[in-house]
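> structure, please.
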Amino acid sequence: MEGDRRIGVAVDFSFCSREALKWAVDNVIRNGDHLILVTIRPEGHYEEGEMQLWETTGSPLIPLSDFSDPILMKKYGVKPDPETLDIVNTAARQKEIVVLLKIYWGDPREKICEAIDNIPLSCLVIGNRGLGKLKRVVMGSVSNYVVNHATCPVTVVKHS
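All right, here's what the predicted structure looks like:
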């Protein structure tokens with residue numbers, strides 16, 4: 001089974017998603033795994049060809065060498081932060097894993113669940129901003145929705 005696992009990590013390039021990514025690399029990822037970062041961009045009317053082409057199905061799987069290129073990522077409307085790139089580059093070297101990025105456009109709750117089925121993922125790691133009960137009710141919790149609707153095991157990494 002080694003090498004057959006596709007470990008997904010939902011990232012928005014925030015501190016919370018970096019914590020989830022670090023946790024996944026330290027506790028879940030094994031040599032030969034595929035680490036797939038799933039990021040969601042807001043819906044909108046994009047003029048760039050790549051975004052219009054992939055708006056409904058998500059981008060193709062983008063290799064680490066490509067999503068490390070800021071000019072290429074600008075075409076998708078995504079700006080990976082240096083810390084996230086450092087984490088995945090180090091993991092790719094040390095654990096000999098394949099790192100890919102998949103971009104979706106739309107509601108993060110629905111699109112993350114869609115990614116689980118379409119890629120397909122063996123499991124998903126997602127961060128949690130630690131909203132209080134009232135804010136969670138008013139704003140909605142992406143991680144809570146994904147835990148209750150995902151078709152694979154989901155690990156929520158709480159913001160410390």
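> from Ile71, how far off is the residue lying closest to Lys102 once chain neighbours are set aside?
Using C-beta to C-beta, 6 or more residues apart in numbering and skipping residues adjacent in sequence, the residue nearest Lys102 is Val38, 5.2 Å away. C-betas here are computed from N, CA, C, even on glycine. According to C-beta to C-beta, to the nearest Å, Val38 and Ile71 sit 22 Å apart.
> right, and the helix or strand after the worst-scoring helix or strand of the chain on mean pLDDT?
The weakest-scoring helix or strand in the chain, judged by mean pLDDT, DSSP states H and E, is helix 133-139 (a mean of 50). Note on helix 133-139: by DSSP states H and E, the next helix or strand toward the C-terminus is helix 142-149.
> and the average pLDDT for that following helix is what?
Here helix 142-149 scores 91 as its mean pLDDT.
> run through who's touching that helix.
Helix 142-149 is contacted by residues 10, 108-109, 112-113, 124, 126-128, 136, 154, 156 when judged by C-beta atoms under 8 Å, 6 or more residues apart in numbering.
> ok so, going back, count of neighbours near the residue nearest to Lys102?
25 (other C-beta atoms under 10 Å).
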